[in-house]
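Engineer: could you look at this predicted model? Sequence included:
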Amino acid sequence: HHPHQRYTLFCVSPSMAVAVNTPSIAEKLLNLLKSQPTGDSASPKLPSDACSLLRSLESLRESVEVIALVSSGPPEDGSSETWASHLCKALTSSVEQDAAYLEFQGLGGFWAILEVLSSGRAFAGPRAQQLRQSYYGQLAEPRLLALLLAALEERGPSAKCVRLCMRNLARCPQGRSAFEAVVPQLVANLEEASLLPWAAPALCNVACASEGKRLAVASGGVQKVLSQLQQLPDIDATLAEDLVACLGVFLGGSPDGMKVLFECADTKGEVAAFGALVSYVGASQHPSLQSIAIDVLGSVCAAAPQSQTWLVEGLPLCEGLTIAAASSSRDVCKATLEFCSLLANGEAFKATAKKVGLEAQLRLIVEREPPPPPAAAVPKNSLTGVLSAAFSGISPALGRGPIQREPTLGELAAAVLRRLQATAMPSTSASCPPPPTGALQDLEALLNSPPTSA
């Protein structure tokens with residue numbers, strides 16, 4: 001259908017489709033944005049349905065419908081104007097400050113509209129890249145990005161919306177590069193209670209490139225995040241997740257960030273640097289927070305293997321991993337097993353894992369999801385064997401046994417158990433190679449081992 005007919009049909013899946021009245025919202029939105037004066041005309045009143053329109057838009061947040069609405073552009077025949085250009089006019093014009101205007105501003109005003117319009121993330125299907133370009137082409141225009149940067153000084157209801165707009169638009173390269181200059185300001189916002197919940201998610205996207213990381217670390221981002229994590233009285237899962245994600249951004253691929261983290265551990269103690277992260281590993285009521293805490297701790301241990309011993313011996317990490325390994329969330333369980341595989345060569349981890357029941361929990365996973373039996377050998381003189389040998393000469397992947405796949409939870413747990421039970425090989429034995437030292441090596445040996453005879 002034409003995007004500006006009254007109804008547009010969006011295919012959500014092969015088995016489901018939904019009709020949404022987005023063109024009607026698009027027309028109302030355009031009328032709202034165009035109601036602003038552009039010259040010497042008197043300041044008009046804000047349309048009476050401005051607040052109800054904003055609430056209607058809220059129902060489209062992060063949906064395929066909002067992507068379609070934005071990507072299609074304003075419903076104007078023969079016009080090349082974008083949603084960004086109309087928003088710029090609305091943001092730089094004035095209206096009569098009556099009760100309707102004050103209510104609209106109390107909801108965040110036009111920044112709230114931009115925040116919803118820029119919230120789309122569900123780019124999928126064969127046209128995903130084209131759709132993404134059309135979508136951000138309607139929003140990430142230099143003038144609008146400049147207005148957004150200038151609004152960073154504002155306080156009140158719009159302060160939240162401005163930072164969330166930055167988070168959303170930093171998902172595209174134009175927005176991210178435009179916002180990198182204000183990373184220090186966003187880092188400073190982490191110390192303001194009223195701005196902290198919105199500055200943290202903004203930083204996760206704005207500071208994810210190398211220059212953004214450098215500015216964040218140089219501005220004290222690592223210390224400020226650790227301080228805020230220590231001060232959270234109870235688990236505010238959403239805020240804690242944003243802060244841990246921020247820390248992951250500052251540390252990932254950043255030797256300077258890691259250096260600051262370990263300096264904090266040296267000067268203030270391991271609890272100050274890692275206590276909150278370790279406590280979130282066992283936060284079973286918040287699986288998303290568990291996963292991201294495990295990922296960040298895993299990146300720390302991978303970058304600095306020497307940290308593994310005192311994380312295991314000085315903090316209740318294994319206790320948390322035991323809880324996480326029993327999670328009903330497969331994502332949490334998988335992240336836990338991968339982290340355990342990273343730690344499994346350490347003697348301190350081997351001893352503690354048995355003592356706190358982690359080893360027993362791994363056995364339960366193996367019992368629940370036993371690894372599949374090995375594939376039977378194919379006789380070389382059979383038709384299958386001949387074809388397998390022929391294809392292996394063309395493409396080794398086609399002739400080397402089972403098709404590679406993701407390991408099951410049972411296979412991951414079994415691999416960790418084998419390493420927990422392994423003893424150090426004598427250094428004088430030249431005929432016996434040492435056991436694999438990396439998680440990936442262990443899993444590769446598990447999944448790519450040659451088939452045995454039936």
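Structural biologist: Good, I have the coordinates.
Engineer: run a quick check on residue 325 versus residue 362, I expect a contact.
Structural biologist: Yes: applying C-beta atoms under 8 Å, one finds residue 325 in contact with residue 362, separated by 6.6 Å. Every C-beta, even on glycine, is put in place using the N, C-alpha and C of the backbone.
Engineer: tell me, what's touching those two both at once?
Structural biologist: 337, 340, 413 (C-beta atoms under 8 Å, 6 or more residues apart in numbering).
Engineer: for residue 160, state which of these is nearest.
Structural biologist: Proximity of the shared contacts of residue 325 and residue 362 to residue 160 (C-beta to C-beta) peaks at residue 337, which lies at 38.1 Å.
Engineer: tell me how many other residues surround the closest residue to that closest one other than its chain neighbours.
Structural biologist: In this structure, residue 337 finds its nearest non-sequential neighbour in residue 412, 4.0 Å apart by C-beta to C-beta, 6 or more residues apart in numbering. Applying other C-beta atoms under 10 Å, we find 27 residues neighbouring residue 412.
Engineer: quick check, residue 412 in a strand?
Structural biologist: No: counting by DSSP: H, G, I helix; E, B strand; the rest coil, residue 412 is not part of a strand but helix.
Engineer: check it and give its pLDDT.
Structural biologist: On pLDDT, residue 412 comes in at 93.
Engineer: between the shared contacts of residue 325 and residue 362, which has the most around it?
Structural biologist: residue 340 (30 neighbours).
Engineer: counting by contacts, list what the host helix or strand of residue 295 packs against.
Structural biologist: According to DSSP states H and E, residue 295 maps onto helix 287-303. Secondary-structure packing of helix 287-303 (3 or more C-beta pairs under 8 Å, 6 or more residues apart in numbering; DSSP states H and E): helix 237-251, helix 255-268, helix 270-281, helix 307-314, helix 317-325, helix 330-343.
Engineer: from the middle of its chain, how far away would it be?
Structural biologist: 12 Å (C-alpha atoms, centre = their mean, to the nearest Å).
Engineer: out of the helices and strands packed on helix 287-303, which is closest to residue 151?
Structural biologist: Closest among these, using C-beta to C-beta: helix 237-251, at 20.8 Å.
Engineer: that closest one vs helix 270-281, what angle?
Structural biologist: 120 degrees (axes from the mean of the first three to the mean of the last three C-alpha atoms, to 10 degrees).
Engineer: can you dump the C-alpha coordinates of helix 237-251 into PDB?
Structural biologist: What follows is helix 237-251, C-alpha atoms only, in PDB (Å, rounded to 0.1, in the frame of the first residue of the first chain):
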ATOM      1  CA  ALA A 237      17.800  -3.300  37.800                       C
ATOM      2  CA  THR A 238      17.300  -0.900  34.900                       C
ATOM      3  CA  LEU A 239      19.800   1.700  36.200                       C
ATOM      4  CA  ALA A 240      22.200  -1.000  37.400                       C
ATOM      5  CA  GLU A 241      22.100  -2.600  33.900                       C
ATOM      6  CA  ASP A 242      22.800   0.800  32.200                       C
ATOM      7  CA  LEU A 243      25.700   1.500  34.500                       C
ATOM      8  CA  VAL A 244      27.200  -2.000  34.100                       C
ATOM      9  CA  ALA A 245      26.800  -1.600  30.300                       C
ATOM     10  CA  CYS A 246      28.500   1.800  30.500                       C
ATOM     11  CA  LEU A 247      31.400   0.200  32.400                       C
ATOM     12  CA  GLY A 248      31.600  -2.500  29.700                       C
ATOM     13  CA  VAL A 249      31.800   0.200  27.000                       C
ATOM     14  CA  PHE A 250      34.600   2.100  28.900                       C
ATOM     15  CA  LEU A 251      36.600  -1.100  29.400                       C
END
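Engineer: what lies in contact with it?
Structural biologist: 190, 196-197, 200-201, 203-204, 207-208, 213, 216-217, 221-222, 225-226, 228-229, 232, 257-258, 261, 276-277, 280, 283, 285-286, 288-289, 292-293, 295-296, 299-300, 303.
Engineer: same deal with stretch 81-95?
Structural biologist: 30, 32-38, 43-46, 70, 73-74, 101, 110-111, 113-114, 117, 137-141, 143-144, 147.
Engineer: just to revisit the earlier point, as JSON lines, the helices and strands packed on helix 287-303 with mean pLDDT and distance to residue 91 would be great.
Structural biologist: Shown next, in JSON lines, are the helices and strands packed on helix 287-303 (pLDDT from 0 to 100; distance: least, C-beta to C-beta, whole Å):
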{"stretch": "helix 237-251", "mean pLDDT": "94", "distance to residue 91": "27"}
{"stretch": "helix 255-268", "mean pLDDT": "93", "distance to residue 91": "35"}
{"stretch": "helix 270-281", "mean pLDDT": "92", "distance to residue 91": "39"}
{"stretch": "helix 307-314", "mean pLDDT": "87", "distance to residue 91": "48"}
{"stretch": "helix 317-325", "mean pLDDT": "95", "distance to residue 91": "46"}
{"stretch": "helix 330-343", "mean pLDDT": "95", "distance to residue 91": "40"}
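Engineer: need the ones you listed in a markdown table (columns: distance to residue 61).
Structural biologist: What follows is the helices and strands packed on helix 287-303, written out as a markdown table (distance: least, C-beta to C-beta, whole Å):
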| stretch | distance to residue 61 |
| --- | --- |
| helix 237-251 | 15 |
| helix 255-268 | 32 |
| helix 270-281 | 27 |
| helix 307-314 | 38 |
| helix 317-325 | 30 |
| helix 330-343 | 23 |
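Engineer: look up how far residue 352 lies from the residue lying closest to residue 48 once chain neighbours are set aside.
Structural biologist: Nearest residue to residue 48, sequence neighbours excluded (C-beta to C-beta, 6+ apart): residue 100, at 5.9 Å. Counting by C-beta to C-beta, to the nearest Å, the gap from residue 100 to residue 352 is 63 Å.
Engineer: go on, residue 187?
Structural biologist: Distance from residue 187 to residue 352, by C-beta to C-beta: 36 Å.
Engineer: what distance separates the helix or strand where residue 228 lies from the centre of its chain?
Structural biologist: For residue 228, the enclosing helix or strand under DSSP H and E is helix 221-231. Relative to the chain's own centre, helix 221-231 is displaced by 20 Å; criterion: C-alpha atoms, centre = their mean.
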